[in-house]
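Engineer: Output the structure for:
(chains A and B)
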Amino acid sequence: GENVEQHPSTLSVQEGDSAVIKCTYSDSASNYFPWYKQELGKRPQLIIDIRSNVGEKKDQRIAVTLNKTAKHFSLHITETQPEDSAVYFCAAQETDKLIFGTGTRLQVFP
Amino acid sequence: GAGVSQSPSNKVTEKGKDVELRCDPISGHTALYWYRQSLGQGLEFLIYFQGNSAPDKSGLPSDRFSAERTGGSVSTLTIQRTQQEDSAVYLCASSRQSQRGYFFGPGTRLTVL
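Structural biologist: The predicted model follows:
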């Protein structure tokens, strides 16, 4: 079955800097890759997703890139703000369900 | 419209007791999922429903865990003879169909003493 690895597990950046979180997956049949943000004590919320027919997608300060050949995808956050502090999860679709990475705790210091 | 809701929000139980966790998905969402999140850990898949049927139960940890869904809507996750290792946040999610983004509920925090 699908296996998703996520790095780093923790990431600290200064406000205004960029943050990059990377994930790899094992099943070449996976074709949908969402990212979720989970603030402390809250539910995970979808922030951006990408399908395998595109290589990059942007939404304001957030972008996701996908390399199907290498089976990895990344989340890029530019001009980070303190409110970006949260745990971020990547996921890959395995037939009928999502398999999640282990999460990255992002801390943005003012 | 209303999002995914779950009840109870918190449940403390004694080892060996049975518990029932409830999920109300977003109206019209045919796909429903249960995940488990242990402290500081990722999201572990438990079971997937399409309508009232469960084509994928592969994530249920043991036969103490079961789930059902009725009317294509509400789902109940039952854990029998709870153990301390069952302590976690149980998250429910729904989507309009599979292979789409999920909408998560707030979770039920289960503590087994």
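
Engineer: From start to finish, how long is stretch B:52-67 in a straight line?
Structural biologist: 10 Å (Cα to Cα, to the nearest Å).

Engineer: Give the rounded mean pLDDT of it.
Structural biologist: Summarised as a single mean, pLDDT over stretch B:52-67 is 94.

Engineer: buried residues in it?
Structural biologist: Residues of stretch B:52-67 classed as buried by neighbour count (16 or more other Cβ atoms under 10 Å in any protein chain shown): B:54, B:56, B:59-60, B:65, B:67. The way it works is simple: take the backbone N, C-alpha and C, and place the C-beta from them, glycine included.

Engineer: which of those residues come close to chain A?
Structural biologist: Counting by Cβ under 8 Å from any Cβ of the partner chain, residue B:56 from these sit close to chain A.

Engineer: among the buried residues of stretch B:52-67, which two are most distant?
Structural biologist: The distance between the two most remote of the buried residues of stretch B:52-67 (Cβ to Cβ) is 13.7 Å, for B:56 and B:65.

Engineer: Distance from stretch A:9-22 to the middle of the chain?
Structural biologist: Mean-position distance between stretch A:9-22 and its chain equals 12 Å (Cα atoms, centre = their mean, to the nearest Å).

Engineer: Also stretch A:40-47?
Structural biologist: 13 Å.

Engineer: That stretch: which residues count as buried?
Structural biologist: A:43-44, A:46-47.

Engineer: And the average pLDDT for that stretch is what?
Structural biologist: On average, stretch A:40-47 scores 93.

Engineer: Quote the end-to-end distance of that stretch.
Structural biologist: Start-to-end, stretch A:40-47 (Cα to Cα) is 16 Å.

Engineer: hmm, that stretch touching chain B?
Structural biologist: Yes - residues of stretch A:40-47 contacting chain B under Cβ under 8 Å from any Cβ: A:42-46.

Engineer: rewinding a little: nearest to chain A, of the buried residues of stretch B:52-67?
Structural biologist: Nearest to chain A, judged by Cβ to the nearest Cβ, of those is residue B:56 at 5.6 Å.

Engineer: from what I can see the closest one touches residue A:96, true?
Structural biologist: Yes - contact criterion Cβ atoms under 8 Å: residue B:56 and residue A:96 qualify, at 5.6 Å.
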